[in-house]
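Q: Quick check, what structure comes out for this input:
(2 chains)
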There are 2 protein chains.
Amino acid sequence: MDDGLLMIPGPVKLHERIIRAMSRQMISHRSSDFEKVFEYCKNALKPLFGTRHDVVIISGSGTSGMEATIASFSRIKRITCIDNGKFGERFAKIAGRYAEVDHLKFGWGRSIDLDDVERSLAEGSDAIAFVHNETSTGILNPAEEIAGIGREYDALVIMDGITSIGGDRVEIDRWGVDVAIVGSQKCIGAPPGLAMVAINERAWEYYSESAPFYLDLKAYVKKAEGNQTPYTPAIPLFLALEESLKIIEEEGIDSRIERHRRLARATRKWAVDAGLELFPELNDFSSYSNTVTAIKMPDRITDKELRGTLRKEYGIAISGGQEHLKGKIFRIGHMGNVGNRDLIATLSAVEDVLLRKKACTPAIHSAMEELR
Amino acid sequence: MDDGLLMIPGPVKLHERIIRAMSRQMISHRSSDFEKVFEYCKNALKPLFGTRHDVVIISGSGTSGMEATIASFSRIKRITCIDNGKFGERFAKIAGRYAEVDHLKFGWGRSIDLDDVERSLAEGSDAIAFVHNETSTGILNPAEEIAGIGREYDALVIMDGITSIGGDRVEIDRWGVDVAIVGSQKCIGAPPGLAMVAINERAWEYYSESAPFYLDLKAYVKKAEGNQTPYTPAIPLFLALEESLKIIEEEGIDSRIERHRRLARATRKWAVDAGLELFPELNDFSSYSNTVTAIKMPDRITDKELRGTLRKEYGIAISGGQEHLKGKIFRIGHMGNVGNRDLIATLSAVEDVLLRKKACTPAIHSAMEELR
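A: Model (predicted):
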């Protein structure tokens, strides 16, 4: 019997304190008890986004947060969507239901080109949407530079920070990002089911009251002033989020980011020294993700053999590739509540399974040097 | 120190087993562990709706479920919306964003008139939406009769069963309801954050692919075939829902409905014998709710005095009136996991607070006779 260890890019393993925070009798969502929880979360989220603006909390997945931003700011006429992975593609799909889209496809796992971004904006987009950390491919896109171009052309800048916020450096106010989204179950370390959206004043110029009721950010902002939600909130998830944010406060955001970077460096070092190949093709503009690492699947082993054995023998879950990357890459999430011990167990186990197929060389101690 | 007892019409108090079901390490939403949970929930929900058709589960509030039904079936041209309370009004508001609405306002707490419903359909609506159990006023609307009229005019029949399904008799297939919605935190007894929607084949004639991504029922139905969700599900809430449904299976749906009716009868008996007045104005068409009782606030006491004292001295939460009914009524929820002991504690406490203001006469033993 094993609890299982989630080393996927979300949902992440929970800290025991977070599990306990959910384990309580239900409270009323219209009580001062709930309002205190809400107020704490709302304020504690701001430094993670790097914002002094409003943060709202939607009971829904990260996708509900992405759609809320596009649907609420429906004065957008034409939006440039940067796509170098599954979630960039999803953003473009969502945007297509609400506005004209200039869909910039760079290829999954490839760096973006800022010249193309600038050209698209020059051609008349009044908004730009991009994914900061592309979970599907392990790439970190250059948020500050993208936002800078957006600002130059006076466009609304929308950032999916679902798998960066809480684990990597994000400073949306300083960068000039107007709207950003994060999910509860990634770097923040809570269970899935909440989407948090930060919105600055400038964004409201693009607002019109035509969004779906459930995704209308104005309704959330209005209610958040009184530490409330427009519709019944998923209370246990708010209790868990509160505890996750307390843990983040105790760890300190700088230490937390450094922990994520350390785990990422160790994972990449291991992969390279083990003779494996990192999946992303980088140029000057993009970097490797600090919260998830994507590695090409060696020829001598199948996805099923690798992940199946890991799960069966060690109770460890890592991710495969999505859609056309299925079988071609595997992904290790090292975000949220993941620590050194979880990582070395995972890398050792992956190495063990690969070695049996002669699909890598031993390198676990290289990884461990990076963790010291 | 007191855990507090929720006697509001949702969220409801949790059974200890449901609390424990959430208290576990996170699992992957793409694992067979999750798929087993999903499959159990999907199937166990069907008898509560009284359907053999598809049931999907959305991570979102009841409102997200209401909106998903209207937004997904966007071939609806004109929809008749029955409004005799806050949630009927909400349905009409939501529908107004997607179709022409014939908004039938009967007044909050008043019975509906089936002749008006028939006239509206005869005037050309191709759909009808109504609330089965109107939580805001304690009225149970005649679902079978409304659906019958809808069927006669070949209209799509949409029912909000958010506070009836799981606690009162619902048989949507037999009644001719095409689409019905329930929330997790009401009669089913789980925490808030999930909306479940049952959809028959006929409803798909009204479908077109124009709904918001997050609320597109087709995406949920497709994924549900493989016991999956289109977007990351709120996993702890699914674990809690599974346990709630197991408890329902053990209790038996007939016994559960009888328990709800018994609690409702006892509450009404108490109110009348205590010299209080029930809020709903009934005619031949409507009945008192079996899951929530709305009582007029006596003159000699304010909402704040009643509910504040209850909370402070006894740790019991009941509900006030909403919007223009604020201060004019109070509402006792007796749904989900509520038992005899919870009810007599609540009625005794309410009676105690009212007696101090000479605002009622003692009647708690009348209620207890009904419970035997």
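Q: show me what contacts the residue nearest to A:N133 when sequence neighbours are not counted?
A: Ranked by CB to CB, 6 or more residues apart in numbering or on different chains and with sequence neighbours excluded, the top spatial neighbour of A:N133 is A:S164, at 3.9 Å. C-beta here means a position set from N, CA and C on the backbone, and glycine is covered the same way. Contacts of A:S164 were listed using CB atoms under 8 Å, 6 or more residues apart in numbering or on different chains, and they are A:132-133, A:140, A:143, A:170, A:182, A:187, A:290-291.
Q: quick one: is the helix or strand harbouring A:I247 near chain B?
A: Under the assignment given by DSSP states H and E, the secondary-structure element containing A:I247 is helix A:235-251. Yes. Contact of helix A:235-251 with chain B is found when judged by CB under 8 Å from any CB of the partner chain, involving A:235-237, A:240.
Q: Turn those into a markdown table, including distance to A:Q228.
A: Shown next, in a markdown table, are the residues of helix A:235-251 next to chain B (distance: CB to CB, whole Å):
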| residue | distance to A:Q228 |
| --- | --- |
| A:I235 | 12 |
| A:P236 | 17 |
| A:L237 | 16 |
| A:A240 | 19 |
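Q: Could you pick out the buried ones from these?
A: Of all those considered here, the ones buried according to neighbour count by 16 or more other CB atoms under 10 Å in any protein chain shown are A:235-237, A:240.
Q: residues in contact with the most centrally placed residue in chain A?
A: Among the residues of chain A, the smallest C-alpha distance to the mean C-alpha position (CA atoms, centre = their mean) belongs to A:T163, namely 1.3 Å. Contact criterion CB under 8 Å, 6+ apart gives A:9-10, A:132-133, A:135, A:183, A:186-187, A:289, A:291-292, A:335 as the residues in contact with A:T163.
Q: Which pair in the residues you listed has the greatest spatial separation?
A: Of all pairs drawn from the contacts of A:T163, the one with the largest separation by CB to CB is A:G183 and A:S289; the distance is 15.2 Å.
Q: Show me which residues of the stretch 101-250 of chain A are close to chain B?
A: Taking CB under 8 Å from any CB, the part of the stretch 101-250 of chain A that reaches chain B is made up of A:183, A:185, A:191-193, A:210, A:212-215, A:231-237, A:240.
Q: So how do I select the buried members of those residues in ChimeraX?
A: Applying 16+ other CB under 10 Å to these leaves a buried subset, and the ChimeraX line that selects it is:
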select /A:183,185,191,192,193,212,213,214,215,231,232,233,234,235,236,237,240
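Q: out of the residues of the stretch 101-250 of chain A next to chain B, which are inside strands?
A: Among these, the ones falling in strands (DSSP state E) are A:G183.
Q: For A:W108, give me phi and psi.
A: As for A:W108, its main-chain torsions (degrees, to the nearest 10) stand at phi -70, psi 120.
Q: Excluding sequence neighbours, find me the nearest residue to A:S210.
A: Excluding its sequence neighbours, the residue lying closest to A:S210 (CB to CB, 6+ apart) is A:S74, at 5.0 Å.
Q: and that neighbour, helix, strand or coil?
A: Per DSSP: H, G, I helix; E, B strand; the rest coil, the secondary structure class of A:S74 is coil.
Q: tell me, how many neighbours does it end up with?
A: A:S74: 15 surrounding residues under other CB atoms under 10 Å in any protein chain shown.
Q: Contacts only, for the residue in the stretch 51-200 of chain A positioned nearest to chain B.
A: Checking the stretch 51-200 of chain A residue by residue against chain B with CB to the nearest CB singles out A:G193 as nearest, at 2.8 Å. Contacts here follow CB under 8 Å, 6+ apart; on that basis A:G193 touches A:59-61, A:184-185, A:234, A:237, B:59, B:193, B:232-237.
Q: Now for those: which two are most distant?
A: Going by CB to CB, the two entries of those that are most distant from one another are A:G60 and B:P236, at 14.5 Å.
Q: For the following helix or strand past the helix holding A:I247, buried residues please.
A: Next in sequence after helix A:235-251, counting helices and strands by DSSP H and E, comes helix A:253-273. The neighbour-count check on helix A:253-273 (16+ other CB under 10 Å) flags A:253, A:256-257, A:259-271, A:273 as buried.
Q: got the contact list for helix A:253-273?
A: A:47-48, A:166-169, A:187, A:248, A:251, A:277-278, A:288-291, A:293, A:295, A:332, A:334-335, A:338-340, A:343, A:347, A:351, A:361, A:363-364, A:366-371.
Q: switch to 7 Å and redo it
A: A:47-48, A:167-169, A:187, A:248, A:278, A:288-291, A:293, A:295, A:332, A:334-335, A:338, A:343, A:347, A:363-364, A:366-367, A:370-371 (CB atoms under 7 Å, 6 or more residues apart in numbering or on different chains).
Q: cool, and stretch A:358-372?
A: With contact meaning CB under 7 Å, 6+ apart, stretch A:358-372 is reached by A:262, A:265-267, A:269-270, A:273-276, A:298, A:300-301, A:340, A:344, A:347-348, A:351, A:354-355.
Q: Show the contacting residues for A:A127.
A: Contact partners of A:A127, counting by CB under 7 Å, 6+ apart, are A:76, A:79, A:155-156, A:158.
Q: Local confidence estimate at the closest residue to A:D116 other than its chain neighbours?
A: Using CB to CB, 6+ apart and skipping residues adjacent in sequence, the residue nearest A:D116 is A:L104, 5.6 Å away. pLDDT, the model's per-residue confidence, is 98 for A:L104.
Q: Within the helices and strands, which one has A:L104?
A: strand A:100-105.
Q: cool, and A:L121?
A: Element membership for A:L121, per DSSP H and E: helix A:114-122.
Q: Show the average pLDDT along the following helix or strand past that helix.
A: In the C-terminal direction, the helix or strand that comes right after helix A:114-122 (DSSP H and E) is strand A:127-131. On average, the pLDDT along strand A:127-131 is 98.
Q: Beyond strand A:127-131, next helix or strand please.
A: Sequence order places strand A:133-134 as the next helix or strand after strand A:127-131, per DSSP H and E.
Q: picking that back up, relative orientation of the helix holding A:L121 and strand A:127-131 in degrees?
A: 150 degrees (axes from the mean of the first three to the mean of the last three CA atoms, to 10 degrees).
Q: Spatially, what comes nearest to the residue of the stretch 51-200 of chain A closest to chain B if we skip its sequence neighbours?
A: Nearest-residue entry for A:G193: B:A234, 2.8 Å, with adjacent residues in sequence omitted and distances by CB to CB, 6+ apart.
Q: what's the answer for A:G65, then?
A: In space, A:G65 comes closest to A:A195 once its chain neighbours are excluded; the distance is 2.9 Å by CB to CB, 6+ apart.
Q: The one you found is in what secondary structure piece?
A: With DSSP H and E as the criterion, the answer for A:A195 is strand A:194-199.
Q: how much does that strand deviate in direction from helix A:235-251?
A: Using the same axes, to 10 degrees, strand A:194-199 lies at 60 degrees relative to helix A:235-251.
Q: Report pLDDT for the residue in the stretch 201-350 of chain A positioned nearest to chain B.
A: The nearest approach of the stretch 201-350 of chain A to chain B comes at A:A234, 2.8 Å away (CB to the nearest CB). We note a pLDDT of 98 for A:A234 in this prediction.
Q: Next: A:K222.
A: We note a pLDDT of 98 for A:K222 in this prediction.
Q: for the one 4 residues further on, same thing?
A: pLDDT recorded at A:G226 is 97.
Q: Same question for A:D3.
A: Turning to A:D3, the model gives it a pLDDT of 74.
Q: I figured it hits B:Q25, correct?
A: Yes. Assessed by CB atoms under 7 Å, A:D3 is found in contact with B:Q25 at 4.5 Å.
Q: Pick out whichever of those two has more residues nearby.
A: Under the criterion of other CB under 10 Å, the comparison of A:D3 against B:Q25 puts B:Q25 first, with 14 against 11.
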